[in-house]
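# Have a look; sequence and predicted model below, questions after that.
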Amino acid sequence: MSIVAADTAWVLISSALVLFMLPGLALFYGGMVRRKNVLSSMMHSFVAMGIIAVEWVIIGYSLAFGTGNWFIGGFEHVFLRGIDLYSTSGTIPTYAFIVFQGMFAIITPALISGAIVGRIKFKSYIAFVALWGLIVYAPVCHWVWGGGFLTGEALDFAGGTVVHITSGISALALLVFLGKRKGYGLDAIKPHNVTFTLLGVGLLWFGWFGFNAGSALAADEVAGLAFITTFIAPAAAGLSWMAAEWTHSGKPTALGFATGILAGLVAITPGAGFVTPMAALLIGLIAGIVCYWAVMLKGKLGYDDSLDVFGVHGAGGITGALLTGVFASVGATGLLLGNSHQLLLQLEGVVITIIYASVCTILIGFVLDRTMGLKVTESEENIGLDKTCHGETAYNI
Amino acid sequence: MSIVAADTAWVLISSALVLFMLPGLALFYGGMVRRKNVLSSMMHSFVAMGIIAVEWVIIGYSLAFGTGNWFIGGFEHVFLRGIDLYSTSGTIPTYAFIVFQGMFAIITPALISGAIVGRIKFKSYIAFVALWGLIVYAPVCHWVWGGGFLTGEALDFAGGTVVHITSGISALALLVFLGKRKGYGLDAIKPHNVTFTLLGVGLLWFGWFGFNAGSALAADEVAGLAFITTFIAPAAAGLSWMAAEWTHSGKPTALGFATGILAGLVAITPGAGFVTPMAALLIGLIAGIVCYWAVMLKGKLGYDDSLDVFGVHGAGGITGALLTGVFASVGATGLLLGNSHQLLLQLEGVVITIIYASVCTILIGFVLDRTMGLKVTESEENIGLDKTCHGETAYNI
Amino acid sequence: MSIVAADTAWVLISSALVLFMLPGLALFYGGMVRRKNVLSSMMHSFVAMGIIAVEWVIIGYSLAFGTGNWFIGGFEHVFLRGIDLYSTSGTIPTYAFIVFQGMFAIITPALISGAIVGRIKFKSYIAFVALWGLIVYAPVCHWVWGGGFLTGEALDFAGGTVVHITSGISALALLVFLGKRKGYGLDAIKPHNVTFTLLGVGLLWFGWFGFNAGSALAADEVAGLAFITTFIAPAAAGLSWMAAEWTHSGKPTALGFATGILAGLVAITPGAGFVTPMAALLIGLIAGIVCYWAVMLKGKLGYDDSLDVFGVHGAGGITGALLTGVFASVGATGLLLGNSHQLLLQLEGVVITIIYASVCTILIGFVLDRTMGLKVTESEENIGLDKTCHGETAYNI
Amino acid sequence: MPMKYVIAIIRPERLDAVKRELQEVEVNRLTVTSVSGYGAQKGHLEVYRALEYEVNLLEKIKLDIAVNDEFLEPTIEAIQRGAKTNDKGEIGDGKIFVLPLEDVIRISTGEIGSGAI
Amino acid sequence: MPMKYVIAIIRPERLDAVKRELQEVEVNRLTVTSVSGYGAQKGHLEVYRALEYEVNLLEKIKLDIAVNDEFLEPTIEAIQRGAKTNDKGEIGDGKIFVLPLEDVIRISTGEIGSGAI
Amino acid sequence: MPMKYVIAIIRPERLDAVKRELQEVEVNRLTVTSVSGYGAQKGHLEVYRALEYEVNLLEKIKLDIAVNDEFLEPTIEAIQRGAKTNDKGEIGDGKIFVLPLEDVIRISTGEIGSGAI
Ligand SMILES: Nc1ncnc2c1ncn2[C@@H]1O[C@H](COP(=O)(O)OP(=O)(O)O)[C@@H](O)[C@H]1O
Ligand SMILES: Nc1ncnc2c1ncn2[C@@H]1O[C@H](COP(=O)(O)OP(=O)(O)O)[C@@H](O)[C@H]1O
Ligand SMILES: Nc1ncnc2c1ncn2[C@@H]1O[C@H](COP(=O)(O)OP(=O)(O)O)[C@@H](O)[C@H]1O
């Protein structure tokens, strides 16, 4: 089958948009850490672009999208064997498909890094990302999108499960080894530059249009739908988060509004092309509130998910996956249309992913902790990772 | 009629580009205020994304583009009723059209915020934006683009009148209630971070290609024309502003060059798809100088349009609207081709919009001032709105 | 021939992406200079947008792409004469082609500015850029892409020679007149804001997809290939630079990783649409190491190419041009496929460009130095160019 | 020596007022530093991301003013007038420290002592 | 006058510890400034872009603490305890300077002298 | 006590020169703070967005240098040499303040007094 130029253009530009989410994430996270860790935190996003891009074309793509079995793809496309200029995937060149999917493989582990800022060894982070990409991301991606056992069962338009639940849960799991930052709970560890965080969420929203609407893999009506839902849900979630915060803690912070937008982006991801704009409005409103309280919970439970990866991506991803099962009405039917089975399928997808991601992450974490060690020394943490891991300071005169 | 995939791709990516102008605007404005108001100023842009996106799909779109009458659209598309996946507008899905137009509805009130930084209550700003979107934006948009009485009369390719004149004039009108910042005219209230402002104008220019060339609503020759004019005019305006400033005040500032680029972007907006590239060059050169002097005028008149919304969007929008009537030659004819009637129509559009926008803004301002109050207290202004309205500080250690 | 809408959409969005590289470059460079020169440095990129955009439509395009002779195009398209809404270039409107090519004409001289930050007069920089665009860029562009004597000979998919070798070499040549910054070699002149530099490279990578994949001038398989190679090579180069730095100097800096990404982007530019993804992987790995050592060389040779324009663009461009001659296998054949002639052609292109660019740059520099003077006074350099050339400071309270 | 080195810690938002008051009494040379401080002004709890913290380091402005003895009183009074949030004065309005100053040299002219202040 | 103006230069990463130690001895008013400094702590070579530099200006934190004489000893000892990188102490741990303080005025109340500290 | 606490306010662009001059006279310990100041150097009008302002707060650098008495003279002279814009000296070149210093403690070693400087 030959390619459709318009679909190709759309998937290519969408791929560029998703790549652009990485600097966006780097800013979003980097703004929230202290000055002494900002480069370290940004490097978590940047180095993922290096590591996973290379890993993806060498083996990741093959494991995720090779034919394989119910669990994982095969080795047939290792080093992109068997693919050339004229290979197609649907109406686009396979190269375009590989690159688009590769962007998702990059951002997912990078998301995790928000939980563990300021205390993970750089070397170990690299190893973690590389292993996690193979052991967690590639299989789950294969299950849901690559022909594995969830393909065609659980609805996941653009990665609510594959991207956000895996990363949100793994973030929590990794805390088993990395614990809290020094001084957590004693001193306020405040964002060193909230303007970065705002700008970051701007880049993320912009890029997310590629993430969600690009997942239609064609410039068609579904892309249009996924686009408008990705427009509405984050707006609604920003507002509902703000409302929750305003009433609960007295002031509507900019950081909160930005986080709310992100929560809405996460929550609409699995259903972007399956629900109506008005369902997106509801999903957004709900996600803003759910994630607000998920983040508040942290205070009670006392773990240091530093930049709230679980509170936003975990909670938001689960909320979105389940609500997709409720509201699906375009090209699929959910609970509200009488199909309660879909909600069960969604739940199944969520539960399996949670178990798989957390178990694997703990295993990877355990091995790395015993071999390379995961956590920096107390004195390195005090001085800050920019200086101790990277030998530089972000700001100079 | 079925959609054209290439046009859909083009309008979708253009929509994303226009959304991206909001973080751009947040940076542009945020860089120009003092440290203590930067988050407040950025939130003016961000919260508009929340408020208007939701308002637009609930009712704004229907009011602007519903059939209605000469003055305003109807309620037929409230909550996007009557639109589904397969609805089309021209050659693109209606969902794509809604979202593209929604981006314009967002940025317009956000532009106003530049005039009133550092002294408006956040709650009242939210109310203002919501009301203004319904009372000013929706009708004017309906007049010019939605089938109202100016449709097909006044030329406005991408919003010189609908976006820039409405916002530029409303900014002035709002000053009636908000007055000057404390210390204005006594101390230099300088931009806290000019690099943000430069980056912001970079994002704005980038996004403006979607704004103008996307307004062709198709990936066709007219899009190509609108793109190249949006390339030339801001370049020319940046240079002519710089020349004016260099000769008048002795140094070519970066802030000035950036503002000049913005002036060129504003001025080419109404004519982008109607004039030749060489006309765009002239429009840019003229706009840079006109807006430079419009900003200088402020010093004489003594009002505190803090970030020069009128000087740039008002003056630039009027200049552009009129020059479109002079230079129009592609798909329309202007004065230079002997059609002086068009210039009259342009003038009519400008005058009516100025009157309507200023009257309505004053009414809205009056009501809000009496009910919620518009201006913060002197002590809140002194401390800065980041702390007093949002309970946070942008920069921490 | 009529246009193809999808190709038009693709080239237009690619043009916007390339324009977006200018703010990216401004950040990349601006972050690396000291606080006192940041606006000056950013203005080098921004003012190039003004100067060259105007120059390009007035005469540059005609000189580069007019019919002309083996050396240079003619004056037939001065002021875009002879081109209208319906003119086409391949499958896209000529206006789109002009704008896309114009973006390349802008970024090339802007790249040079990194070598000479903190000591060039703004007025002279403007003159330099304008002259260089006519005397160096337009002819070389004509040779390689516009029908000149290298067209169809040397392979240069997206500007390895036209953009990177010309700018990298001219940067060195200009140092003849501008020498070192005061204190170079005595005090560490450190980047004032590495986060800007990281963000800048994020913008550059994002924009580079338009630069390289847009150079296919169609949304086709070749665009897909150029896209994926532009995905892989910088990732690989970032990693190999990091590896080189980590082993050689002990720490993997964020600045280094960012520079490595840039090196990979540069090196894949000439071959993006001619080599396979796996060749791109190799090119990236090689480029990261070559450029790392090219930068290290500076320390030995003692010239002050302040932000390493030669080390990255010069060395990377040469590496890429030659490796294209080695690895070319898609729509062209290189050394590995037995065509050693291609490598010779590449070498020829490289050598001629190096000679031409350096001779012309020295001539331009000589004339400007004698007439306007190129270098600021020592006291201006001490105080910083932001204050002395632009009358402003980037950061205020 | 008849000179003092006055160090005042004030609220950032009072800087303009203090400057104006000082100009009134013809003290128009000073040096400004951004600092942060804590003192009696406490108990300001802040919730950040689900945890409550006592925020103790608050942004302040430090003024260094070298004066001849006869200017000491007016200087202190001017600072007090400008720095008070309101007539009563609020916790956190700041402090003034007076240190002995032995000598002053004006770099440009080489002047020394009282005349150089 | 029985008061002193203590200026301490410490490592940024020790600020929290010093603050805690000071609170132990009930010195809970101070002013913090970001400074950079050089001193005995040298020889730290850095390679930046192919050139070796001796980095001499290092980030430090400066504390200003006005105390009554009886608090001087405890204050100094507390700073020493908090500021030492380890038991031995390392070059670069910082210095404490003690200056005479003639007077203190608390702006909010107008209190003067020891009581105002 | 035979020690002084020298505070110098200089132009930012002279910092390198002053550092070099100080090293010449073997004063190689100091603390640097970014400050802003105003003084005799005035009348510098700036137009910002259509309005004229008298810019009075200019960026300066503050140096804190604790010295033993015998180093005082050379220190002051070195600063003067390095800080002058040109031979005549210009308004705005800065000031040097000399304060009495009662005691010094080096944190790492616990050394006290002159030897600890
Ligand atoms: N003894 C002290 N030593 C150094 N700085 C002090 C001292 N007391 C107060 N300050 C500074 O003055 C600021 C205001 O003092 P604070 O005690 O909070 O309120 P008040 O103005 O009511 O005395 C503090 O934030 C701190 O920077
Ligand atoms: N004589 C001095 N005058 C001013 N500041 C000093 C002096 N000596 C040290 N400092 C400050 O104290 C910091 C630490 O001193 P340093 O000599 O590096 O190590 P140590 O703590 O072993 O004495 C310096 O960076 C400098 O800011
Ligand atoms: N009496 C003073 N008290 C505190 N700081 C002063 C005093 N006089 C001068 N300064 C500081 O020194 C800087 C330079 O002084 P200024 O009077 O402008 O020029 P000059 O160097 O000719 O005396 C000022 O900006 C200010 O920071």
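Received it, and whenever you're ready, just let me know what you need. Residues are numbered from 1 along each chain as shown, chains lettered A, B, ... in the order given. Ligands and ions are numbered 1, 2, ... in the order given.

# Correct me if wrong: residue D:53 contacts residue A:187.
Yes: using CB atoms under 8 Å, residue D:53 makes contact with residue A:187 at a distance of 6.8 Å. C-betas here are computed from N, CA, C, even on glycine.

# tell me the helices in the stretch 101-250 of chain A, going along the chain?
Applying DSSP state H, counting those that start in this stretch to the stretch 101-250 of chain A gives helices spanning A:122-132, A:138-145, A:166-178, A:194-213, A:221-249.

# in the chain, which ranges drop under the pLDDT threshold?
All of this is about chain A. By pLDDT under 70, the weakly predicted segments of chain A are A:1.

# try chain D instead
Looking at chain D by pLDDT under 70, you get D:1, D:42-44.

# re the thing from before, can you redo the helices of the stretch 101-250 of chain A as TSV with distance to ligand 3 and mean neighbour count?
Conversion of these to TSV gives the following (distance: least, CB to the nearest ligand atom, whole Å; neighbours: other CB atoms under 10 Å in any protein chain shown):
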stretch	distance to ligand 3	mean neighbour count
helix A:122-132	42	21
helix A:138-145	61	26
helix A:166-178	46	25
helix A:194-213	29	27
helix A:221-249	41	26
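
# Which of the ones you listed sits closest to residue F:84?
Residue F:84 sits nearest to helix A:194-213 of all the helices of the stretch 101-250 of chain A, at 39.4 Å, using CB to CB.

# Any residue of the lengthiest strand in chain D touching chain F?
Ranked by residue count and defined by DSSP state E, the top strand of chain D is strand D:58-68. Yes: with CB under 8 Å from any CB of the partner chain as the criterion, chain F is reached by strand D:58-68 at D:64, D:66.

# List the strands paired with that strand, with their directions.
Strand D:58-68 has the following sheet partners, assigned by DSSP bridges: strand D:3-10 (antiparallel), strand D:30-38 (antiparallel).

# Taking chain A, what residue is nearest to chain C?
For chain A, the residue closest to chain C is residue A:23, as judged by CB to the nearest CB, at 2.7 Å.

# Give me the three-state assignment for that residue.
Following DSSP: H, G, I helix; E, B strand; the rest coil, the label given to residue A:23 is helix.

# so how many other residues sit close to residue 90?
Since you didn't name a chain, this refers to chain A. Each residue near residue A:90 was counted by other CB atoms under 10 Å in any protein chain shown, and the total is 15.

# not quite, I wanted chain D
Neighbours around residue D:90, by other CB under 10 Å: 13.

# phi, psi of the closest residue to chain F within chain D?
Ranked by CB to the nearest CB, the top residue of chain D for proximity to chain F is residue D:108, at 3.5 Å. Main-chain torsions, residue D:108, degrees, to the nearest 10: phi -60, psi -40.

# what are the ranges of the strands in the stretch 51-200 of chain A?
A:88-89, A:92-93 (DSSP state E, counting those that start in this stretch).

# How about the last one and chain C, touching?
Yes: between strand A:92-93 and chain C, judged by CB under 8 Å from any CB, the touching residues are A:92, A:93.

# Summarise which helices and strands that strand is packed against.
For strand A:92-93, the packing partners by 3 or more CB pairs under 8 Å, 6 or more residues apart in numbering or on different chains; DSSP states H and E come out as helix A:5-32, helix C:221-249.

# So what's the gap between the longest one and the chain middle?
Once both centres are worked out by CA atoms, centre = their mean, to the nearest Å, helix C:221-249 turns out to sit 17 Å from its chain's centre.

# Quick one: list the elements packing against the helix or strand just after it.
The helix or strand immediately downstream of helix C:221-249 is helix C:254-268, counting by DSSP states H and E. Where contact means 3+ CB pairs under 8 Å, 6+ apart, helix C:254-268 is packed against helix A:38-55, helix C:5-32, helix C:194-213, helix C:221-249, helix C:277-301, helix C:315-327.

# The residue lying closest to the residue of chain A closest to chain C once chain neighbours are set aside and residue A:22: what is the separation?
Nearest residue to residue A:23 in three dimensions, chain neighbours excluded: residue C:202, at 2.7 Å (CB to CB, 6 or more residues apart in numbering or on different chains). Distance, residue C:202 to residue A:22, by CB to CB, to the nearest Å: 7 Å.

# Identify the contacts common to these two.
Counting by CB atoms under 8 Å, 6 or more residues apart in numbering or on different chains, the contacts common to residue C:202 and residue A:22 are residue A:46.

# from chain D, which residue is nearest to chain B?
Per CB to the nearest CB, residue D:13 is where chain D lies closest to chain B, at 3.9 Å.

# Could you count how many residues lie near that residue?
Residue D:13 has 19 neighbouring residues, counting by other CB under 10 Å.

# need the contact list for it.
Residue D:13 makes contact with B:379, B:382, B:383, B:384, according to CB under 8 Å, 6+ apart.

# tell me the most buried of the strands of the stretch 51-200 of chain A?
Stretch with highest mean neighbour count among these: strand A:92-93 (a mean of 28; mean count of other CB atoms under 10 Å in any protein chain shown).

# Give me the next element, helix or strand, following the longest strand of chain D.
Reading on from strand D:58-68 to the C-terminus, the next helix or strand found by DSSP H and E is helix D:69-83.

# ends of stretch A:122-141, how far apart?
26 Å (CA to CA, to the nearest Å).

# Apart from its neighbours in sequence, what residue is nearest the residue in chain D positioned nearest to chain C?
Nearest residue of chain D to chain C (CB to the nearest CB) works out as residue D:34 at 7.5 Å. Distance criterion CB to CB, 6+ apart; nearest residue to residue D:34, sequence neighbours excluded, is residue D:61 at 6.5 Å.

# Tell me the buried residues in stretch D:68-75?
The neighbour-count check on stretch D:68-75 (16 or more other CB atoms under 10 Å in any protein chain shown) flags D:68, D:71, D:72, D:74, D:75 as buried.

# how about the closest residue to residue A:365 other than its chain neighbours, what does it touch?
Setting aside the residues directly before and after it, residue A:365 is nearest to residue A:177 in space (CB to CB, 6+ apart), at 4.6 Å. Residue A:177 is in contact with A:365, A:366, A:368, A:369, A:374, A:375, counting by CB under 8 Å, 6+ apart.

# ok, the second one to ligand 3 distance?
I take that to be residue A:366. Counting by CB to the nearest ligand atom, to the nearest Å, the gap from residue A:366 to ligand 3 is 58 Å.

# Also the fifth one?
When distance is defined by CB to the nearest ligand atom, residue A:374 is 49 Å away from ligand 3.

# which ones are touching that residue?
Contact analysis of residue A:374 by CB under 8 Å, 6+ apart lists A:120, A:121, A:124, A:128, A:177, A:178, A:365, A:368.

# Give me the phi and psi angles of it.
Dihedral angles (degrees, to the nearest 10) for residue A:374: phi -100, psi -40.

# and chain D, which residues reach ligand 1?
Neighbours of ligand 1 within chain D, by CB under 6 Å from any ligand atom: D:9, D:37-41, D:58, D:60, D:91-95.

# which one of the helices and strands packed on strand A:92-93 lies closest to residue A:390?
Taking the helices and strands packed on strand A:92-93 one by one with CB to CB, helix C:221-249 is closest: 10.1 Å.

# how much does that closest one deviate in direction from helix C:254-268?
Here the directions of helix C:221-249 and helix C:254-268 differ by 140 degrees (axes from the mean of the first three to the mean of the last three CA atoms, to 10 degrees).

# For residue E:48, see how far away residue A:391 is.
Distance of residue A:391 to residue E:48, given as CB to CB: 10 Å.
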